[in-house]
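Asks: what's the 3D shape of this:
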Amino acid sequence: MAKELASEYGLRATWQGNVVHFERTSLHGRLQLESGEFVLEVTLGFFLAAFRDSIAQAIEAKLEVVLAEHRPAAASKSAAKKSKRKKA
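Replies: Residues are numbered from 1 along each chain as shown. Below you'll find the model as predicted:
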């Protein structure tokens, strides 16, 4: 996944243990992976700060897709049932 994102967004990424550090012009951050959870930190430089909200929305949308792909089947079915209940 890190290679795909690096290619898609022009990031330079390096792994140190369970943490991937990434950077590009006007942006740097890290993604720390732990058992069952992750921590994502992104710092925007001056030029990208104006696009903060749209960048945050794009990150959230990408995370939803990636997490849905890796969610266990039972959890996906449970989440789908809860989603249907809320709509009713």
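Asks: Quick check: buried residues in stretch 11-23?
Replies: Buried positions in stretch 11-23, judged by neighbour count with 16 or more other C-beta atoms under 10 Å: 11, 13, 20-22. Bear in mind the C-beta positions are built from the backbone N, C-alpha and C, glycine included.
Asks: so where do the helices sit in this protein?
Replies: Here the chain has its helices, by DSSP state H, at 2-9, 46-49, 52-70, 73-87.
Asks: Can you tell me, leaving aside adjacent residues, what's nearest to Val19?
Replies: Nearest non-adjacent residue to Val19, counting by C-beta to C-beta, 6 or more residues apart in numbering: Gln32, 4.7 Å away.
Asks: Would you format the buried residues of stretch 11-23 as CSV with distance to Pro72 and pLDDT included?
Replies: Output for those, formatted as CSV (distance: C-beta to C-beta, whole Å; pLDDT from 0 to 100):
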residue, distance to Pro72, pLDDT
Leu11, 29, 91
Ala13, 27, 91
Val20, 23, 92
His21, 29, 95
Phe22, 27, 94
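Asks: Tabulate the residues you listed in JSON lines, adding columns for distance to Arg71.
Replies: Below are the buried residues of stretch 11-23 laid out as JSON lines (distance: C-beta to C-beta, whole Å):
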{"residue": "Leu11", "distance to Arg71": "25"}
{"residue": "Ala13", "distance to Arg71": "24"}
{"residue": "Val20", "distance to Arg71": "21"}
{"residue": "His21", "distance to Arg71": "26"}
{"residue": "Phe22", "distance to Arg71": "24"}
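Asks: which among these gets closest to Leu67?
Replies: Within the buried residues of stretch 11-23, proximity to Leu67 (C-beta to C-beta) peaks at Val20, which comes in at 16.2 Å.
Asks: Tell me if I'm right that that closest one and His28 touch.
Replies: No. In this structure, Val20 is not within contact of His28 by C-beta atoms under 8 Å, at 11.8 Å.
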